[in-house]
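In: Need a 3D model of the sequence below.
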Amino acid sequence: MNDIDIGLEATQIAAGIDRFERETNGENGILDGEGLIPLYLGQSLVDERIYTGWAGIESDISGLAARVAALDDTPRKMFLQKLTASLSAATALFQGATMSFPDKLTTLVGIPAERISGDFLDRLADELHTKLDAAGVVGGTVRERVVAWEQTGTLDPDEIPGVYHELMTEAKKRTDERIVPTGDYWMDLNPVRNTHYTARCNFSERKMDLNVENRFTRAALKHLVAHECFPGHSTQNIFTVAAYERGEAPAEVLLCSLNGIPGVIQEGIGDQGVELIDWIEDVHDDVHATLRRYQSAVATQATWMLNAEGRGEDEVRTYLKDTGALQPARIDGRIGMARHPYRAPFIASYFYGNEAVRRVRRTVAGDAARWNRFVRALYGEAHSPESLCATTNVPYRSYGDSDD
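Out: Predicted structure coming up:
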């Protein structure tokens with residue numbers, strides 16, 4: 001069996017797990033009915049396996065793992081090994097198994113189980129101070145300066161729809177030129193409240209859900225438009241289905257929204273969205289790019305503190321507020337997610353995905369051939385951070401660049 005056939009088998013198994021878990025656990029399951037694959041792009045393209053019990057699923061995963069292990073050592077094998085481990089971990093959790101937080105990170109999400117370096121966080125904080133200086137916000141702690149910067153540029157609620165439309169129009173234009181044509185696809189704005197997320201791509205409904213309990217600068221709203229739609233999640237979905245239908249992409253790309261290893265690079269694409277379409281226009285965009293990276297690292301650290309070190313929730317909330325300068329609604333969302341038995345380790349997927357995509361993007365920028373290969377790998381293949389670096393010939397590091 002070759003790696004293309006193995007990828008198809010992995011996709012069929014994953015879709016089968018999703019269907020069986022929904023039918024078996026339903027709203028009482030660990031994911032509250034969301035399922036292993038919140039949006040399965042292979043609905044009409046790849047049939048799922050039909051299961052009647054967990055034993056059959058575990059047997060198929062074991063057989064899949066053996067076939068993957070027999071493949072030649074390639075970036076694709078790297079990814080398929082992590083995908084198989086992720087499916088195995090999800091299956092165990094769906095059955096009520098207990099798993100340590102570090103094991104969830106390494107198996108379910110496929111990223112390192114580690115504390116973020118204090119030196120790295122300090123460097124990011126220093127970079128943020130420098131960029132806030134350039135934006136005319138001087139004096140104070142990171143939190144004091146970020147709050148002042150956000151207050152100065154916060155959009156009034158009645159401004160958001162117009163700015164959103166303007167940003168979506170420009171993002172679509174840049175994505176069509178630099179990444180892939182997106183056709184007539186568009187996302188309407190859908191304000192929501194009382195959610196753990198800041199924004200969400202509702203691809204099927206063609207809506208971007210926006211948690212209006214947060215405050216937004218233009219730079220922050222720009223990031224969310226890029227993350228959720230152009231060139232982020234919606235663009236990845238559009239590109240992926242088209243590439244598979246043309247026979248240019250393996251079946252497992254249809255699992256890009258799977259609650260497992262594919263989500264790491266999916267979130268990396270989203271968090272690097274503004275940079276991928278060369279959309280840093282002014283000092284405020286520059287501030288937000290660094291702030292986003294810094295807050296993602298802080299949120300990852302906070303989740304580790306809560307789940308791996310057993311720190312109290314009050315201490316972690318204070319850390320997110322004072323060190324991370326997160327807004328109250330976002331702190332509530334991160335704490336809620338960090339307390340979830342399945343979703344908690346995925347907070348780190350934003351940080352590690354962003355670091356991987358950022359590292360490769362910065363390395364290949366300016367080389368047209370390498371850039372095109374990078375885009376094909378990002379949108380037309382499924383990857384872990386390690387396999388993305390390997391397939392684009394970029395040395396892998398879990399986070400940080402040597403010139404940061």
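In: Now do the helix or strand in which residue 189 is found, average pLDDT.
Out: Using DSSP states H and E, residue 189 sits within strand 188-192. Averaged over strand 188-192, pLDDT sits at 97.
In: what's the burial count for residue 42?
Out: The tally of other residues near residue 42 (other C-beta atoms under 10 Å) stands at 22. In this view, the C-beta of every residue, glycine as well, is placed from N, C-alpha and C.
In: ugh, wrong one, residue 353
Out: As a burial measure, residue 353 scores 27 neighbours (other C-beta under 10 Å).
In: Give me the residues contacting the helix or strand just after the strand holding residue 189.
Out: Moving toward the C-terminus from strand 188-192, the first helix or strand encountered (DSSP H and E) is strand 199-202. Here strand 199-202 makes contact (C-beta atoms under 8 Å, 6 or more residues apart in numbering) with 187, 190, 208-211, 224, 227-229, 232-234.
In: quick revisit: partners of the strand holding residue 189, with directions?
Out: Using DSSP bridges, the strands paired with strand 188-192 in its sheet are strand 207-211 (parallel).
In: pLDDT of whatever helix or strand comes next after the strand it pairs with, averaged?
Out: Using DSSP H and E, the next helix or strand after strand 207-211 towards the C-terminus is helix 218-228. Mean pLDDT, helix 218-228: 98.
In: Can you give the distance from the very next helix or strand once past helix 218-228 to the centre of its chain?
Out: Next along the chain after helix 218-228, taking DSSP H and E as the criterion, comes helix 233-245. Helix 233-245 sits 16 Å away from the centroid of its parent chain (C-alpha atoms, centre = their mean, to the nearest Å).
In: Return the list of helices and strands in contact with helix 233-245.
Out: For helix 233-245, the packing partners by 3 or more C-beta pairs under 8 Å, 6 or more residues apart in numbering; DSSP states H and E come out as helix 262-271, helix 368-380.
In: for the ones you listed, which one ends up most surrounded?
Out: helix 262-271 (a mean of 26; mean count of other C-beta atoms under 10 Å).
In: Any chance you could list what contacts the strand holding residue 189?
Out: For strand 188-192, using C-beta under 8 Å, 6+ apart, the contacting residues are 160-161, 164-165, 202, 205-212.
In: I'd like to check the angle between it and helix 218-228, please.
Out: 110 degrees (axes from the mean of the first three to the mean of the last three C-alpha atoms, to 10 degrees).
In: nearest to residue 335, of the contacts of strand 188-192?
Out: Of all the contacts of strand 188-192, residue 211 has the smallest distance to residue 335: 14.5 Å, by C-beta to C-beta.
In: How many residues are close by the closest one?
Out: Residue 211, neighbours per other C-beta under 10 Å, totals 20.
In: Look up the closest residue to the spatially most central residue of the chain, ignoring the ones flanking it.
Out: In the chain, the residue lying closest to the centroid (C-alpha atoms, centre = their mean) is residue 267, at 1.7 Å. Of all residues not flanking residue 267 in the chain, residue 353 sits nearest, at 4.2 Å (C-beta to C-beta, 6 or more residues apart in numbering).
In: go on, residue 334?
Out: residue 299 (5.2 Å).
In: how far away is the one you found from residue 64?
Out: 33 Å (C-beta to C-beta, to the nearest Å).
In: Between the two, which is the more surrounded one?
Out: For residue 299 versus residue 64, neighbours defined as other C-beta under 10 Å are more numerous around residue 299 (26 against 22).
In: just checking, the more buried one touches residue 335?
Out: No - contact criterion C-beta atoms under 8 Å: residue 299 and residue 335 do not qualify, at 9.9 Å.
In: Need the overlap of contacts for the two.
Out: Residues touching both residue 299 and residue 335 (C-beta under 8 Å, 6+ apart) are residue 320.
In: Show me what counts as buried in stretch 11-27.
Out: 11-22, 25 (16 or more other C-beta atoms under 10 Å).
In: chain center to it, what's the gap?
Out: 22 Å.
In: got the contact list for that stretch?
Out: 29, 31, 33, 35-37, 40, 42, 46-52, 54, 57, 60-61, 64, 83, 87, 90-91, 94, 251-252, 254-255, 258, 260.
In: what about 6 Å?
Out: For stretch 11-27, contacts defined as C-beta atoms under 6 Å, 6 or more residues apart in numbering pick out 29, 33, 35-37, 40, 46, 48-49, 51, 57, 60, 87, 94, 251-252, 254-255.
In: Next: stretch 49-65.
Out: With contacts defined as C-beta under 6 Å, 6+ apart, stretch 49-65 is touched by 10, 12, 13, 16, 17, 20, 84, 87, 88, 91, 95.
In: rerun that using 7 Å as the cut-off
Out: Applying C-beta atoms under 7 Å, 6 or more residues apart in numbering, the contact partners of stretch 49-65 are 9, 10, 12, 13, 16, 17, 20, 84, 87, 88, 91, 95.
In: and that stretch, which residues are buried?
Out: 49, 51, 54, 57, 60, 61, 64, 65.
In: Among the residues you listed, list the two that are farthest apart in space.
Out: Greatest spatial distance among those (C-beta to C-beta): 51 and 65, at 17.1 Å.
In: Residue 71 contacts residue 5, correct?
Out: No - counting by C-beta atoms under 7 Å, residue 71 stays clear of residue 5, with 10.9 Å between them.
In: Mind checking which of the two has more residues around it?
Out: Counted by other C-beta under 10 Å, residue 71 and residue 5 do not tie: residue 71 has more neighbours, with 16 against 12.
In: Skip the chain neighbours and tell me the closest residue to that one.
Out: Closest residue to residue 71 apart from its sequence neighbours, by C-beta to C-beta, 6+ apart: residue 77 at 4.5 Å.
In: Can you tell me the element that neighbour falls in?
Out: Assigned by DSSP H and E, residue 77 belongs to helix 75-94.
In: Name the next helix or strand following that helix along the chain.
Out: As assigned by DSSP H and E, the chain's next helix or strand after helix 75-94 is helix 101-103.
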